[in-house]
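Student: just coords:
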């Protein structure tokens, strides 16, 4: 009796019935309507050429405040042809260099606790980059601290790392 159930689950998984979330409650490829249902407190954004990714996806939905390690980040959803392609979590504020570095470190540690060790890291005097891989999703952290103007920016990008055409590789 257990063998048919296990076989059925394996077949469903192999045919993509169990999709992976890109971020939070939504899967890569989700429509704007699905995102709106998942996050009813968010705001629909009129697409603009100013808010476009390299692939051409446009900002179409935003959640103004997502608490992450004690700070409020914005969640921005980028869609291409009504399919979710990227989610960007962003924080920008005035902070001292040490407070900004501490925030970047706390976000990096939170990501590492969820996704394991970073697959790539890079640090300079003003910035820090790190990347993780989770299933078909790439998670990228970028933090920038400009001490002369006490500016702190932290970005976490969730995007598909495997093209749909690479599924059989």
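Tutor: That came through fine. Remember, predicted model here, so these are calculated numbers, not experimental data.

Student: Tell me where this structure is predicted with low confidence.
Tutor: 1-20, 161-169 (pLDDT under 70).

Student: can you map out the helices along it?
Tutor: Secondary structure of the chain by DSSP state H: the helices cover 2-14, 32-38, 97-115.

Student: Mind listing the residues bridging to residue 77?
Tutor: As for beta bridges, residue 77 partners with residue 61, residue 87 under DSSP bridges.

Student: need the contact list for it.
Tutor: The contact partners of residue 77, taken as Cβ atoms under 8 Å, 6 or more residues apart in numbering, are 26, 35, 42, 59-62, 84, 86-87. Glycine gets a C-beta too; all of them are placed from N, C-alpha and C.

Student: those strands in this structure, which residues are they?
Tutor: Secondary structure of the chain by DSSP state E: the strands cover 21-23, 26-27, 43-44, 58-68, 71-80, 83-94, 120-123, 127-134, 137-146, 151-160.

Student: export these to JSON lines and tack on distance to residue 104?
Tutor: What follows is the strands of the chain, written out as JSON lines (distance: least, Cβ to Cβ, whole Å):
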{"stretch": "strand 21-23", "distance to residue 104": "19"}
{"stretch": "strand 26-27", "distance to residue 104": "26"}
{"stretch": "strand 43-44", "distance to residue 104": "27"}
{"stretch": "strand 58-68", "distance to residue 104": "12"}
{"stretch": "strand 71-80", "distance to residue 104": "11"}
{"stretch": "strand 83-94", "distance to residue 104": "10"}
{"stretch": "strand 120-123", "distance to residue 104": "10"}
{"stretch": "strand 127-134", "distance to residue 104": "5"}
{"stretch": "strand 137-146", "distance to residue 104": "3"}
{"stretch": "strand 151-160", "distance to residue 104": "6"}
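
Student: Understood, closing this out.
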